[in-house]
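**Student:** below are the sequence and a predicted model; questions follow.
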Amino acid sequence: MHALALVRTYVALVTSLRDGMNLVSYEFVACQDSKKGVLILSEDSVVKLYDFYLSNTCRVILSTDDQIQAPCTPNLDAVFFCIDLESKSIIYYKLSIAFAGAAQSLGAGAILVNPWNITEVADSILQALTMTPEDREKRHRHNFVHVTTHTAQEWAETFVSELDDTVIEAKLRTKQVPPPLPEEDAISRYLQSTNRLLILGFNATLTEPVDTPGRRADQIKEMELKLHPELKEALTALCSDRKTTIVVLSGSDQKTLDDNFGEYDMWLAAEHGMFLRLTKGEWMTTMPEHLNMEWIDSVKHVFEYFTERTPRSHFELCETSLVWNYKYADVEFGRLQARDMLQHLWTGPISNASVDVVQGSRSVEVRAVGVTKGAAIDRILGEIVHSKSMTTPIDYVLCVGHFLGKDEDVYTFFEPELPSDGLAVARSKQNDGLKIPSDRRPSMKLPVIRSAPKSSQGKGQRPSLNPEKRTANHSCESGRRASAEKISWNVLDLKGDNYFSCAVGRTRTNARYLLGSSDDVVSFLMKLANAST
Ligand SMILES: O=P(O)(O)OC[C@H]1O[C@H](O[C@H]2O[C@H](CO)[C@@H](O)[C@H](O)[C@H]2O)[C@H](O)[C@@H](O)[C@@H]1O
């Protein structure tokens, strides 16, 4: 009855004042076919609603139903009814507890009304009934795309990702503080190994500490990330060692990595690994296809608003994320603003979007779900192994970074055995991305920014690096190679102890070891470079 009525409905008027999920609006859009019915929705504004709520003790509900017009309490209910042109009747559906959240998602295609303004509601009904077919089609198309792309699957993935984050954060809080990096051991094992992988973060790992004397925080130039000047020689030496592969894995964009590392022979993985390039080659993307980025403009507006109102804050707009940074602003004020911003983000235009809101100590990031360093490392390694035509396993991994909790999945990626309690969640989380059947796994595709090098074009499946199987034989299969050329070998053979994960300037971490600051990273890398030359 419910679905049938929705199918027959030409105009749906949903005057919710609070929404739970307001499925009716979505169902109405989904049910529309050739007639492209018009949706009228209560205008959505938390603030307005709140103000209204405070200044009103009673209200009038628009309805023809006497029962519903009964004197009302400040409880904010909703009336949903449809106009059925065939029976020329108004069908009252239900009175539900609702808040107009649907207007955040379907607002662009619906006619938005203030449900308290009866004249406005009446006008909107007239507008809906007399709307041209073109206008109806345009509005319907917008809402239909939204309903069909924001699926239950997408919602569930976001939900599970948030739950995972909560558990990981809780575990981190109770975790023991790891010991300092055993530098001598790390160096001696490095020297004994033959196929090493160094994964280095950038910000606060390879940069000069922010509070270096002489820095003027009010200069926008100072906001640009710069490679620590004392690292040049060491990096050059390490990069020139054929037994060593270096990847700078950073949240920064491609240009920032190009500017700082363009001269070295290494791999650059920008935007948390969503873009990848060998410095001799072109950028390509490792991004999963169909990453939903519709939310980016809405978030940009929120970030602009807060940047204007927070002196010395700034934001970076990347392709898969946005970062609002207040590290140069007054910290207390910055925190207050960040709290406000989070409120806006959680209740506002992205409350329904497939994004992760990641809070740093002096930043707020909004990323598409799935944009983490750990999620990208599998694809990055696949590309490196393939591109270098590696035939021997990687027998040493050093992974150093000042990564946010969200990106600590990169440390656990290489752990041979995760304790059943502490890191189990991190493992299951990272495996979410890796368990996808091989035919559905995202593969490297053509670069978004510039052309891919010929060597990466048309490549198919990369070697699978599922950590659960990393001590077993891996099938390394490239779409470019004939199937007869399949090779099997251990991609990683770290023997447990040849893995050094190290968090910089943090104590709550999944990394095995700690370094105090980027100065310590510089000093360690210099020792490593000296020892191997
Ligand atoms: O990805 P990287 O280039 O290695 O950088 C590491 C993280 O740097 C940024 O976060 C850090 O600075 C923020 C403010 O300046 C601070 O709020 C956060 O706590 C720090 O971790 C960047 O925002 C992250 O995306 C990077 O992962």
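**Tutor:** All right, it came through fine.

**Student:** who are the neighbours in contact with residue 254?
**Tutor:** Counting by CB atoms under 8 Å, 6 or more residues apart in numbering, residue 254 touches 268, 270-271, 275, 277, 283, 449. All C-beta spots, glycine's among them, are computed from the backbone N, C-alpha and C.

**Student:** and those residues, which is closest to residue 31?
**Tutor:** residue 271 (38.8 Å; CB to CB).

**Student:** ok, that closest one touching residue 321?
**Tutor:** Yes. Between residue 271 and residue 321 there is a contact under CB atoms under 8 Å: 6.6 Å.

**Student:** quick one: common contacting residues for those two?
**Tutor:** Applying CB under 8 Å, 6+ apart, one finds that residue 271 and residue 321 are jointly contacted by 251, 371.

**Student:** would you mark the buried spots in stretch 166-184?
**Tutor:** By neighbour count with 16 or more other CB atoms under 10 Å, stretch 166-184 contains the buried residues 168, 171-172, 178, 181, 183.

**Student:** one more: stretch 409-418?
**Tutor:** Neighbour counts over stretch 409-418 (16+ other CB under 10 Å) mark 409-415, 418 as buried.

**Student:** looking at the residues you listed, which are in strands?
**Tutor:** Among the buried residues of stretch 409-418, no member is found in strands (DSSP state E).

**Student:** any idea of the mean pLDDT for the lengthiest helix in the chain?
**Tutor:** Using DSSP state H to define each element, the chain has its longest helix at helix 152-174. Throughout helix 152-174, pLDDT has a mean value of 79.

**Student:** by contact count, what packs against whatever helix or strand comes next after it?
**Tutor:** Sequence-wise, the next helix or strand downstream of helix 152-174 (DSSP states H and E) is helix 183-192. Contacts defined by 3 or more CB pairs under 8 Å, 6 or more residues apart in numbering; DSSP states H and E place helix 183-192 against strand 396-401, helix 518-532.

**Student:** residue numbers of this protein in contact with the ligand?
**Tutor:** Applying CB under 6 Å from any ligand atom, one finds that the chain approaches the ligand through 201-205, 250-252, 323, 325, 327, 360-363, 365, 401-404, 407.

**Student:** out of the residues you listed, which are buried?
**Tutor:** 201-205, 250-252, 323, 325, 327, 360, 362-363, 365, 401-404, 407.

**Student:** which ones among the residues you listed map onto strands?
**Tutor:** Within these, residues falling in strands by DSSP E are 323, 325, 363, 365, 401.

**Student:** residue 293 should be in a strand, yeah?
**Tutor:** No. Counting by DSSP: H, G, I helix; E, B strand; the rest coil, residue 293 is not part of a strand but coil.

**Student:** how about the helices and strands packed on helix 183-192, which one is nearest residue 334?
**Tutor:** Residue 334 sits nearest to helix 518-532 of all these, at 21.6 Å, using CB to CB.

**Student:** now the nearest residue to residue 519 once chain neighbours are set aside: how far from residue 228?
**Tutor:** With sequence-adjacent residues excluded and distances taken as CB to CB, 6 or more residues apart in numbering, residue 519 is closest to residue 209, at 6.5 Å. As for residue 209, its distance to residue 228 is 9 Å (criterion: CB to CB, to the nearest Å).

**Student:** equivalent analysis for residue 275, please.
**Tutor:** From residue 275 to residue 228 the distance is 23 Å (CB to CB).

**Student:** what residue in the stretch 51-200 of the chain comes nearest to the ligand?
**Tutor:** Closest to the ligand within the stretch 51-200 of the chain is residue 200: 7.9 Å, counting by CB to the nearest ligand atom.

**Student:** let me see the contact set for that residue.
**Tutor:** 206, 246-249, 400-401, 521.

**Student:** for it, list each beta-bridge partner.
**Tutor:** In this entry, residue 200 is beta-bridged to residue 248, residue 400, by DSSP bridges.

**Student:** rewinding a little: and the ones in strands among the buried ones among the residues of the chain next to the ligand, which two are furthest apart?
**Tutor:** Taking CB to CB as the measure, those span a maximum distance of 17.2 Å, between 325 and 401.

**Student:** re earlier: got TSV for the ones in strands among the buried ones among the residues of the chain next to the ligand, with pLDDT and distance to residue 193 too?
**Tutor:** Shown next, in TSV, are those (pLDDT from 0 to 100; distance: CB to CB, whole Å):
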residue	pLDDT	distance to residue 193
323	95	35
325	94	37
363	95	36
365	95	35
401	98	21
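
**Student:** ok, those vs the ligand, which is closest?
**Tutor:** Nearest to the ligand among these, counting by CB to the nearest ligand atom, is residue 363 at 3.4 Å.

**Student:** the closest one and residue 328 touch, don't they?
**Tutor:** No. Look at residue 363 against residue 328 with CB under 8 Å: they stay out of range, at 11.2 Å.

**Student:** and residue 217, what pLDDT?
**Tutor:** If you check residue 217, the pLDDT there is 47.

**Student:** residue 39 now?
**Tutor:** Predicted confidence (pLDDT) for residue 39: 89.

**Student:** was I right about it contacting residue 113?
**Tutor:** No. Using CB under 8 Å, residue 39 is not in contact with residue 113, being 10.9 Å away.

**Student:** what average pLDDT does stretch 187-199 get?
**Tutor:** For stretch 187-199, mean pLDDT rounds to 96.

**Student:** buried residues of that stretch, list them for me.
**Tutor:** Buried residues in stretch 187-199, counted by 16+ other CB under 10 Å: 187, 189-190, 193, 195-199.

**Student:** pLDDT weak spots in this structure?
**Tutor:** Across the chain, the ranges flagged by pLDDT under 70 are 1-5, 18-21, 43-105, 107, 210-223, 349, 416-489.

**Student:** about what we covered before: just the buried residues of stretch 409-418 now: which is nearest the ligand?
**Tutor:** Nearest to the ligand out of those is residue 410 (CB to the nearest ligand atom; 10.0 Å).

**Student:** what about residue 39, which SS state?
**Tutor:** strand.

**Student:** so what sits opposite it in the bridge?
**Tutor:** Residue 39 has these beta-bridge partners by DSSP bridges: residue 12.

**Student:** give the contact list for it.
**Tutor:** 11-12, 14, 25, 28-29, 106, 109-111, 139, 143.

**Student:** distance check, it against the ligand.
**Tutor:** From residue 39 across to the ligand, the span is 38 Å (CB to the nearest ligand atom, to the nearest Å).

**Student:** just residue 519 next, same as before
**Tutor:** With distances taken as CB to the nearest ligand atom, residue 519 is found 16 Å from the ligand.
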